[in-house]
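K.L.:
below are the sequence and a predicted model; questions follow.
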Amino acid sequence: MLPSNRQSRQSRNDDENHANEPMPSSSAIENLQPTNNTGGRLHNWQATKTTVKERLSFLFNNEILSDVHFIVGKDANQQVIPAHKFVLSVGSAVFDAMFNGVLATKSEEVELPDVEPAAFLLLLKFLYSDEVRIGPESVMTTLYTAKKYAVAALEEHCVEFLKVNLGTDNAFLLLTQARLFDEPQLAALCLEMIDKNTTDALNAEGFTDIDQDTLNAVLERDTLRIREAKIFAAVLRWSEAECIRRQLPVTPSNQRMVLGRAFHAIRFPLMSVEEFAMGPAQSGLLDDREIVQLILYFTVNPKPNVGFLDTPRCCMTGKELTVNRFSQTESRWRNVGTL
């Protein structure tokens, strides 16, 4: 928020001071309470604001001139937030329809049980002042709220924040959210990160939390850079977690059931016979016929049809090797050019 050029003339009233304080952290936003100022308590506050931005910023989360109250969240997290229909209507087509459309609400209270108070306050802060205060703990709820109320500029800020903070440790989590919120550009970046760093991404804690559709989308890719045996091990971990989520006993039959079509996206023919014998063949997920068919695939020609893809993934063929880029390393630095 821009500071006032006439701060020396501002009132010492505590209710006014909140307008010139920095935006609190996302965790603190939930505890914000609206100011209870009235025109009678704060005389001529307009004279202390020199710009439109300062005047609108002052009205953020302020009872002064408010003509609508949002009851945001539910249960213990519920919060009543004052707002101004005009400000919201010029910043959001959804709010414009809500307050000025054919089916406009006449009530001075609007319930929003599906919105987080912290995210709604961040949305209002943006509409009143153009300020963006996004953090890791608030970005997804803010993105949801920005999409819900068609505030495209704030949505773009959220997506950009996610792009900047994308890594192997959260690639699967963000991919799930990108698919949920229909953000194809972010989803493509997540998939690219997973392709290039497949092992690290699969070993991240968030992998076992993804939904089945996201798992299918990843397993169907030809560009994963990892041995198929490691993919199978990761899929086993996911199926165990999914059984627990569904409150099912963790058994081979239940694991295969929760995997659904993702099980047939595992490319068993890409494994070596040793990898297959030590892992999938002993897992209990394959039936006897499938095991025999795959053993035949590894040992005879022509290859039988086994019902699993044998299309190579990226460049992962043959044995996995460790390669040293340099045969030796000099023990001194060399300077090239002039200093």
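P.N.:
Looks like it arrived, so ask away. Numbers count the residues shown, from 1 in each chain.

K.L.:
so how far is Gly101 from Gly279?
P.N.:
The gap separating Gly279 from Gly101 is 59 Å, by CB to CB, to the nearest Å. For glycine as for every other residue, the C-beta is placed from the backbone atoms N, C-alpha and C.

K.L.:
backbone dihedrals for the closest residue to Pro136 other than its chain neighbours, please?
P.N.:
Excluding its sequence neighbours, the residue lying closest to Pro136 (CB to CB, 6 or more residues apart in numbering) is Asn165, at 6.9 Å. Phi and psi for Asn165, reported as degrees, to the nearest 10, are phi -100, psi 10.

K.L.:
show me where this protein has strands.
P.N.:
68-72, 79-83, 109-112 (DSSP state E).

K.L.:
as JSON lines, the ones you listed with distance to Asp130 would be great.
P.N.:
Formatted as JSON lines, the strands of the chain follow (distance: least, CB to CB, whole Å):
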{"stretch": "strand 68-72", "distance to Asp130": "20"}
{"stretch": "strand 79-83", "distance to Asp130": "16"}
{"stretch": "strand 109-112", "distance to Asp130": "22"}
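
K.L.:
hang on, isn't Met193 packed against Ala171?
P.N.:
Yes. Counting by CB atoms under 8 Å, Met193 touches Ala171, with 4.5 Å between them.

K.L.:
quick check: neighbours shared by those two?
P.N.:
Here Met193 and Ala171 have Ala201 as joint contacts, going by CB atoms under 8 Å, 6 or more residues apart in numbering.

K.L.:
and those two? which has more neighbours close in?
P.N.:
Higher neighbour count among Met193 and Ala171: Ala171, with 27 against 20, using other CB atoms under 10 Å.

K.L.:
got a list of contacts for the longest helix along the chain?
P.N.:
Taking DSSP state H as the criterion, the chain has its longest helix at helix 228-245. Under the criterion CB under 8 Å, 6+ apart, residues 199, 202-203, 207-210, 212, 215, 219, 224, 249-251, 254-256, 258-259, 262-263, 266-268, 270-272, 275-276, 279-280, 283, 285, 313, 316 lie in contact with helix 228-245.

K.L.:
swap in 7 Å and give it another go.
P.N.:
The contact list for helix 228-245 (CB atoms under 7 Å, 6 or more residues apart in numbering) reads 199, 202, 207-208, 215, 224, 249-250, 254-255, 258-259, 262, 266-267, 270-271, 275, 279-280, 283.

K.L.:
among those residues, name the buried ones.
P.N.:
Buried members of those, scored by 16 or more other CB atoms under 10 Å, are 202, 207-208, 215, 224, 254-255, 258-259, 262, 266-267, 270-271, 275, 279-280.

K.L.:
what sits against Asp213?
P.N.:
By CB under 7 Å, 6+ apart, Asp213 lies in contact with nothing.

K.L.:
now with 10 Å?
P.N.:
Thr176, Arg179, Leu180, Gly260, Ala262 (CB atoms under 10 Å, 6 or more residues apart in numbering).

K.L.:
what's the distance between the nearest residue to Leu123 once chain neighbours are set aside and Gly260?
P.N.:
Excluding the flanking residues, the one nearest Leu123 by CB to CB, 6+ apart is Thr145, at 5.0 Å. According to CB to CB, Thr145 and Gly260 sit 32 Å apart.

K.L.:
one more: Lys106?
P.N.:
Applying CB to CB, the value for Lys106 to Gly260 is 48 Å.

K.L.:
neighbour count for those two, which is higher?
P.N.:
Set Lys106 next to Gly260 and count neighbours by other CB under 10 Å: Gly260 wins out with 14 against 5.

K.L.:
any idea how far the more buried one lies from Phe276?
P.N.:
As judged by CB to CB, Gly260 and Phe276 stand 22 Å apart.

K.L.:
do Glu183 as well
P.N.:
Using CB to CB, Glu183 is found at 38 Å from Phe276.

K.L.:
what residues sit buried inside stretch 86-100?
P.N.:
Across stretch 86-100, burial judged by 16+ other CB under 10 Å covers Val87, Leu88, Ser89, Gly91, Ser92, Val94, Phe95, Asp96, Met98, Phe99.

K.L.:
my read: the first one touches Phe95, true?
P.N.:
Yes. Contact status for Val87 versus Phe95: in contact at 8.9 Å, counting by CB atoms under 10 Å.

K.L.:
overlap in contacts, those two.
P.N.:
Shared contacts of Val87 and Phe95, counting by CB under 10 Å, 6+ apart, come down to Leu127.

K.L.:
so which of the buried ones among the contacts of helix 228-245 sit within helices?
P.N.:
Judged by DSSP H, helices contain the following of those: Leu202, Leu215, Asn254, Gln255, Val258, Leu259, Glu275, Pro280.

K.L.:
tell me which of these is nearest to Ala152?
P.N.:
Lowest distance from Ala152 to those (CB to CB) belongs to Leu215, with 30.5 Å.

K.L.:
can you verify my assumption that the closest one contacts Ile194?
P.N.:
No. Leu215 is beyond contact range of Ile194, at 11.6 Å (criterion: CB under 10 Å).

K.L.:
need the overlap of contacts for these two.
P.N.:
By the contact definition CB under 10 Å, 6+ apart, Leu215 and Ile194 are jointly contacted by Phe172, Phe207.

K.L.:
so how far is Ala187 from the nearest residue to Ala217 once chain neighbours are set aside?
P.N.:
Counting by CB to CB, 6+ apart, Ala217 lies nearest to Arg179, which is 7.5 Å off, once chain neighbours are set aside. In this view, Arg179 and Ala187 are 6 Å apart by CB to CB.
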